[in-house]
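Colleague: fold the following and give me the result.
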Amino acid sequence: MAALLGVCGLVFAGFGIYRQFLPRQFTAAQRTRIEAWEVGARWRTTAKTRIFPARVHYALSGQQIDVPGSLQLTARRLEIARETSCARAAGVGRRAMAVLDRDGCQAVLRATYTDATSSLVLTVGVAVLRGQTGVMSAADYLAGSAVPSQGAQARRLLLRPVPVPGTPAASFGDRQRQLSWVVGSGSYLVMATAGYADGRPRVSVGDDSYTLMEMTSLARGIAVDIATPLGTPPRLPHCPGGPGC
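Modeller: Reported below is the predicted structural model:
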């Protein structure tokens with residue numbers, strides 16, 4: 001009997017040691033917190049040249065020029081601006097700024113692009129907020145309605161443009177903004193504002209269906225392309241095991 005008890009004791013002890021080296025199983029709440037932390041840290045841990053790629057592909061519907069399907073175009077990055085505060089970068093008015101402040105806007109990253117023909121320019125900004133709930137709330141407010149995954153045109157002009165001397169965006173300023181786009185992804189509110197490369201002040205583009213479609217395609221394409229990897233959920237977190245894990 002003593003021998004049997006000794007064997008049982010060794011088995012249980014061995015099982016206990018074995019369990020120490022198994023991967024730790026996180027609860028659903030723990031996984032959610034870990035994933036949110038990882039997504040929220042991406043703006044600091046990801047190289048700015050990866051957040052703002054040198055080339056961004058976007059699609060333009062061929063309907064307006066009697067071409068079936070869509071045209072695949074490429075926007076070119078002109079410059080990445082220095083990180084700045086939300087108040088300095090987000091030219092959205094006091095009420096909209098209050099919404100961003102309420103949701104803990106920490107900083108804004110910006111870059112300026114030009115379209116495939118260098119006739120349009122665009123500044124895209126990544127506003128870093130506290131969490132996804134605040135991001136969607138701010139996006140819905142800025143768009144005036146619920147924002148789908150591909151974003152929506154904002155009801156007011158967003159984001160202060162970043163002009164780039166010696167490029168098609170040399171004259172791109174607040175008065176040159178024609179339309180804006182907004183999309184939420186994870187804890188990031190991505191805003192894009194587009195204008196003409198010739199520096200003309202804001203004009204109505206509503207009567208020019210082709211220009212409106214071209215600007216919208218550019219703004220949506222760049223905003224979504226930048227927002228998607230920032231907010232994509234990370235791989236299921238796990239602990240590699242071992243004592244103290």
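Colleague: wait, isn't Val147 in contact with Ser137?
Modeller: No - with contacts counted by Cβ atoms under 8 Å, Val147 stays clear of Ser137, the gap being 10.0 Å. The way it works is simple: take the backbone N, C-alpha and C, and place the C-beta from them, glycine included.
Colleague: who's more crowded, the two?
Modeller: Val147 (23 against 17; other Cβ atoms under 10 Å).
Colleague: from Val190, how far off is the more buried one?
Modeller: Per Cβ to Cβ, to the nearest Å, Val147 is found 11 Å from Val190.
Colleague: same deal with Leu71?
Modeller: Separation of Leu71 from Val190 (Cβ to Cβ): 23 Å.
Colleague: same drill for these two, tell me which one is more crowded.
Modeller: Taking neighbours as other Cβ under 10 Å, Leu71 and Val190 compare with Val190 leading, 27 against 13.
Colleague: how about the secondary structure of the closest residue to the more buried one other than its chain neighbours?
Modeller: Nearest-residue entry for Val190: Ala227, 4.1 Å, with adjacent residues in sequence omitted and distances by Cβ to Cβ, 6 or more residues apart in numbering. Three-state assignment for Ala227 (DSSP: H, G, I helix; E, B strand; the rest coil): helix.
Colleague: can you pull the contacts of Ala227?
Modeller: Ala227 makes contacts with 126, 151, 183-185, 188, 190, as judged by Cβ atoms under 8 Å, 6 or more residues apart in numbering.
Colleague: buried ones among those?
Modeller: Using 16 or more other Cβ atoms under 10 Å as the burial test, the contacts of Ala227 include 126, 151, 183-185, 188, 190 as buried.
Colleague: make JSON lines out of those residues and add pLDDT, distance to Ala59 and secondary structure.
Modeller: Compiled in JSON lines, the buried ones among the contacts of Ala227 are given as follows (pLDDT from 0 to 100; distance: Cβ to Cβ, whole Å; DSSP: H, G, I helix; E, B strand; the rest coil):
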{"residue": "Val126", "pLDDT": "95", "distance to Ala59": "22", "secondary structure": "strand"}
{"residue": "Gly151", "pLDDT": "92", "distance to Ala59": "14", "secondary structure": "coil"}
{"residue": "Val183", "pLDDT": "95", "distance to Ala59": "16", "secondary structure": "strand"}
{"residue": "Gly184", "pLDDT": "92", "distance to Ala59": "21", "secondary structure": "strand"}
{"residue": "Ser185", "pLDDT": "90", "distance to Ala59": "19", "secondary structure": "strand"}
{"residue": "Tyr188", "pLDDT": "92", "distance to Ala59": "22", "secondary structure": "strand"}
{"residue": "Val190", "pLDDT": "95", "distance to Ala59": "18", "secondary structure": "strand"}
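Colleague: any idea which of those residues is closest to Gln176?
Modeller: Here the nearest of the buried ones among the contacts of Ala227 to Gln176, counting by Cβ to Cβ, is Val190; it sits at 20.2 Å.
Colleague: pairing partners for that closest one in the sheet, please.
Modeller: Taking DSSP bridges, one obtains Val126, Val183 as the residues bridged to Val190.
Colleague: measure it to Thr167 for me?
Modeller: Using Cβ to Cβ, which is the criterion applied here, Val190 is 22 Å from Thr167.
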